[in-house]
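Engineer: sequence unknown, structure follows:
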Ligand code: PTT
Ligand code: SF4
């Protein structure tokens with residue numbers, strides 16, 4: 001099986017045992033790897049309705065056949081589990097040497113189950129697994145953990161760890177690698193914490209078998225072309241952060257808990273300011289277009305990306321990059337998702353403005369950076385009001401009777417695009433397979449350029465097209481999608497690289513079908529875990545329908561509920577799902593998911 005190592009490392013923390021399992025060739029063909037492999041394992045093996053923070057949940061680190069092979073940004077790794085914040089499927093895609101070394105150590109994936117009796121970290125290499133005491137690491141932030149483990153095991157060790165937020169089961173805790181790469185927005189860090197697992201340390205220096213050694217040459221040619229593309233130099237200067245200026249211009253920059261799409265002080269936190277203040281540039285492994293821009297923060301330096309800036313800056317009314325960077329730094333050190341954190345703080349500010357937080361003795365005003373910083377730490381340590389906010393906005397808003405202020409879908413907070421006037425982006429959020437993250441369909445740039453206000457079938461089709469490529473191809477063969485998205489590296493490099501790695505003559509149609517299979521199985525997983533399904537679960541937050549923008553060129557804009565549902569019906573129809581968003585029997589059969597049918601029939605009525 002060229003391309004794949006053909007081996008999955010299975011670790012049971014309760015029994016302190018591990019085994020190496022062969023990767024089934026049919027699973028590799030049908031699901032490729034990464035997210036595909038993760039959902040297949042979770043579907044097949046999790047007891048339905050399992051508590052995500054119980055020992056029975058499985059935490060999966062899954063590479064794909066391209067991971068670790070070329071410099072076309074293939075240093076990425078999917079981290080997945082049943083999510084504690086949504087109760088459905090959760091994953092993230094983190095840049096980490098641990099993923100590259102995992103492949104070089106001879107594994108395509110690591111699956112961790114059970115719960116260690118006391119704080120533990122895993123040392124993994126080609127020879128096996130050691131279960132090591134992490135008592136001295138427990139309580140340390142992610143950077144200190146990584147530093148300490150690298151001092152002990154060498155700089156050639158890849159480390160993925162959690163911080164205090166993961167230990168304290170904050171529902172949006174992430175895992176962190178490379179001091180600043182953070183992955184698994186829907187609480188993958190909390191799942192790791194629930195297992196008493198502080199870190200995994202991975203070493204590996206073996207070969208990854210490939211079908212054709214020309215892969216190096218093909219990779220180099222792709223990189224050369226990438227470096228010569230017109231957008232490359234600007235990208236190198238500002239990375240994702242130039243999106244601040246773009247979003248302001250397009251009125252989609254979240255401001256004041258997504259009440260507005262523009263922020264008066266955007267220039268103080270935008271890409272140009274990042275370029276001016278930058279002190280360092282870092283990247284994920286094997287990347288030719290680094291996007292980790294580091295700027296001074298109050299307590300040190302921090303990496304800033306667009307999402308972090310928008311949600312910890314404009315969304316809170318904070319127009320000062322070093323303050324935003326400090327909030328970002330705290331999130332990285334504590335191991336908390338910046339997107340959910342920014343949403344949660346914005347929610348707290350709006351709830352406070354409306355006098356809804358009095359019972360917690362908490363008052364936090366727009367733009368109050370000091371209060372935001374203190375509250376972020378309270379969340380990580382689950383102190384006072386922070387304990388409630390550590391549950392995320394869906395749960396906190398129910399407690400405060402402030403549901404209409406919570407910018408969430410299925411329990412996860414939305415990422416940084418205001419959708420008052422972006423119906424397709426709202427659809428992308430609402431139908432994302434992990435909850436509302438832009439990763440699966442960043443349709444908004446297309447929407448802003450084409451038809452801003454329509455609710456058309458064409459938009460539903462565009463969302464699916466992007467979901468197939470971003471959520472299917474890139475999450476299954478596992479590589480960074482930004483060369484294609486941001487500088488326009490042609491997509492046809494990827495089938496070529498895939499063929500050289502695996503020998504499989506993969507067409508775009510093959511990747512698309514794998515993507516559809518993954519999407520249908522993920523949807524089936526949600527239905528099984530929820531025990532029901534309703535199209536109301538695929539609807540964006542009420543604020544975008546009910547509270548129009550009050551400022552800017554799009555003043556008065558808001559989503560239309562009836563038209564949104566028409567577009568959602570188009571989406572379901574194009575996917576082969578019924579009017580409730582449940583995959584049809586015929587769709588499941590076409591995708592080779594016949595085994596899903598009898599399971600779903602226990603919970604919902606399936607249509608043909
Ligand atoms: C990613 C999500 C994003 S998406 C951002 S900024 W972005 C936030 N970054 C965080 C951070 O930083 N610190 C923190 N404590 N929490 C954070 N939460 C947010 O996490 C990320 C990059 C980015 S930066 C993007 S768009 C692309 N995402 C990819 C993806 O999803 N798939 C893929 N195949 N390639 C991708 N390439 C890009 O990767 P999640 P990372 Mg990622 C400081 O983790 O869970 O997917 O959430 O992890 O290694 O940091 O890469 O403007
Ligand atoms: Fe990582 Fe950015 Fe490079 Fe992608 S472009 S591999 S996210 S550093």
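Structural biologist: Looks like it arrived, so ask away. As the structure is a computational prediction, the values presented were derived from the model and not from experiment. Ligands and ions are numbered 1, 2, ... in the order given.
Engineer: quick one: contacts for residue 543?
Structural biologist: Contact partners of residue 543, counting by CB atoms under 8 Å, 6 or more residues apart in numbering, are 258, 259, 404, 405, 407. Glycine gets a C-beta too; all of them are placed from N, C-alpha and C.
Engineer: now the residues you listed as TSV including secondary structure, distance to residue 245 and pLDDT?
Structural biologist: Below are those laid out as TSV (DSSP: H, G, I helix; E, B strand; the rest coil; distance: CB to CB, whole Å; pLDDT from 0 to 100):
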residue	secondary structure	distance to residue 245	pLDDT
258	coil	19	98
259	coil	20	98
404	helix	30	97
405	helix	28	98
407	coil	22	98
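Engineer: top of the residues you listed by number of neighbours, please.
Structural biologist: Highest neighbour count within the contacts of residue 543: residue 407, with 33 neighbours (other CB atoms under 10 Å).
Engineer: correct me if wrong: that residue contacts residue 416.
Structural biologist: No: with contact defined as CB atoms under 8 Å, residue 407 and residue 416 do not form a contacting pair (10.4 Å).
Engineer: and of the contacts of residue 543, the nearest to residue 228?
Structural biologist: residue 258 (38.7 Å; CB to CB).
Engineer: that closest one contacts residue 413, correct?
Structural biologist: No: with contact defined as CB under 8 Å, residue 258 does not reach residue 413; the gap is 9.9 Å.
Engineer: anything in contact with each of the two?
Structural biologist: residue 407.
Engineer: check what pLDDT the closest residue to ligand 1 within the chain gets.
Structural biologist: Closest approach between the chain and ligand 1, counting by CB to the nearest ligand atom: residue 92, at 2.2 Å. pLDDT, residue 92: 98.
Engineer: next, count neighbours for it.
Structural biologist: Residue 92 has 25 neighbours, counted by other CB under 10 Å.
Engineer: residues contacting it?
Structural biologist: Going by CB under 8 Å, 6+ apart, residue 92 touches 78, 79, 80, 174, 175, 182, 183, 184, 185, 186, 188, 434.
Engineer: strands - which of the residues you listed land there?
Structural biologist: 78, 79, 80, 175, 182, 183 (DSSP state E).
Engineer: if I look at residue 246, how far off is residue 438?
Structural biologist: 14 Å (CB to CB, to the nearest Å).
Engineer: what's the burial count for residue 442?
Structural biologist: The number of residues packed near residue 442 is 19, by other CB under 10 Å.
Engineer: for residue 452, give its distance to residue 331.
Structural biologist: Per CB to CB, residue 452 is found 32 Å from residue 331.
Engineer: wait, I meant residue 375
Structural biologist: For residue 375, the distance to residue 331 equals 12 Å [CB to CB].
Engineer: who has more neighbours, the two?
Structural biologist: residue 331 (30 against 24).
Engineer: please name the residues that touch that one.
Structural biologist: Neighbouring residues of residue 331 by CB under 8 Å, 6+ apart: 182, 308, 312, 337, 338, 341, 376.
Engineer: mean confidence (pLDDT) on stretch 341-361, please.
Structural biologist: Stretch 341-361 shows a mean pLDDT of 96.
Engineer: so how far is that stretch off the chain centroid?
Structural biologist: Taking CA atoms, centre = their mean, to the nearest Å, the mean C-alpha location of stretch 341-361 is offset from the chain mean by 25 Å.
Engineer: same check, this time on stretch 275-288
Structural biologist: The answer for stretch 275-288 is 20 Å, by CA atoms, centre = their mean.
Engineer: counting neighbours, which bits of it end up buried?
Structural biologist: Residues 275, 277, 278, 282, 283, 284, 285, 286, 287, 288 are the ones in stretch 275-288 that count as buried (16 or more other CB atoms under 10 Å).
Engineer: out of these, which touch ligand 1?
Structural biologist: Here is what survives when the buried residues of stretch 275-288 are matched to ligand 1 using CB under 6 Å from any ligand atom: residue 284.
Engineer: and the buried residues of stretch 275-288 as JSON lines, adding pLDDT and secondary structure?
Structural biologist: Shown next, in JSON lines, are the buried residues of stretch 275-288 (pLDDT from 0 to 100; DSSP: H, G, I helix; E, B strand; the rest coil):
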{"residue": "275", "pLDDT": "97", "secondary structure": "helix"}
{"residue": "277", "pLDDT": "97", "secondary structure": "helix"}
{"residue": "278", "pLDDT": "96", "secondary structure": "coil"}
{"residue": "282", "pLDDT": "96", "secondary structure": "strand"}
{"residue": "283", "pLDDT": "96", "secondary structure": "coil"}
{"residue": "284", "pLDDT": "96", "secondary structure": "coil"}
{"residue": "285", "pLDDT": "97", "secondary structure": "coil"}
{"residue": "286", "pLDDT": "97", "secondary structure": "coil"}
{"residue": "287", "pLDDT": "97", "secondary structure": "coil"}
{"residue": "288", "pLDDT": "97", "secondary structure": "coil"}
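Engineer: of all the buried residues of stretch 275-288, which two lie farthest apart?
Structural biologist: 277 and 286 (27.3 Å).
Engineer: still on that earlier bit, and which of the ones in strands among the contacts of residue 92 is nearest to residue 10?
Structural biologist: Nearest to residue 10 among the ones in strands among the contacts of residue 92 is residue 80, at 15.0 Å by CB to CB.
Engineer: what bridges to the closest one?
Structural biologist: Beta bridges link residue 80 to residue 60, residue 91 when assigned by DSSP bridges.
Engineer: returning to what we had before: just the buried members of the ones in strands among the contacts of residue 92?
Structural biologist: Listed as buried from the ones in strands among the contacts of residue 92 are 78, 79, 80, 175, 182, 183; burial here means 16+ other CB under 10 Å.
Engineer: which one is the last one nearest to, not counting chain neighbours?
Structural biologist: Spatially, and ignoring its direct neighbours in sequence, residue 183 is nearest to residue 94 (2.8 Å; CB to CB, 6 or more residues apart in numbering).
Engineer: just the contacts of residue 331: which are in strands?
Structural biologist: Counting by DSSP E, the contacts of residue 331 contribute residue 182 to strands.
Engineer: which one of the contacts of residue 331 is nearest to residue 120?
Structural biologist: Closest to residue 120, out of all of those and judged by CB to CB, is residue 182, at 21.7 Å.
Engineer: quick one: residues contacting that closest one.
Structural biologist: Contact analysis of residue 182 by CB under 8 Å, 6+ apart lists 92, 94, 174, 175, 176, 331, 332, 335, 337, 338.
Engineer: and the third one, how many neighbours?
Structural biologist: Burial of residue 174, expressed as a neighbour count using other CB under 10 Å, amounts to 34.
Engineer: in TSV: the buried residues of stretch 275-288, plus distance to ligand 2.
Structural biologist: Below are these laid out as TSV (distance: CB to the nearest ligand atom, whole Å):
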residue	distance to ligand 2
275	16
277	19
278	14
282	7
283	4
284	3
285	8
286	7
287	3
288	8
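Engineer: quick revisit: just how off-centre is the strand or helix carrying the residue nearest to residue 183 within its chain?
Structural biologist: Assigned by DSSP states H and E, residue 94 falls within strand 89-95. A distance of 5 Å separates the centroid of the chain from that of strand 89-95, by CA atoms, centre = their mean.
Engineer: cool, thanks, talk later.
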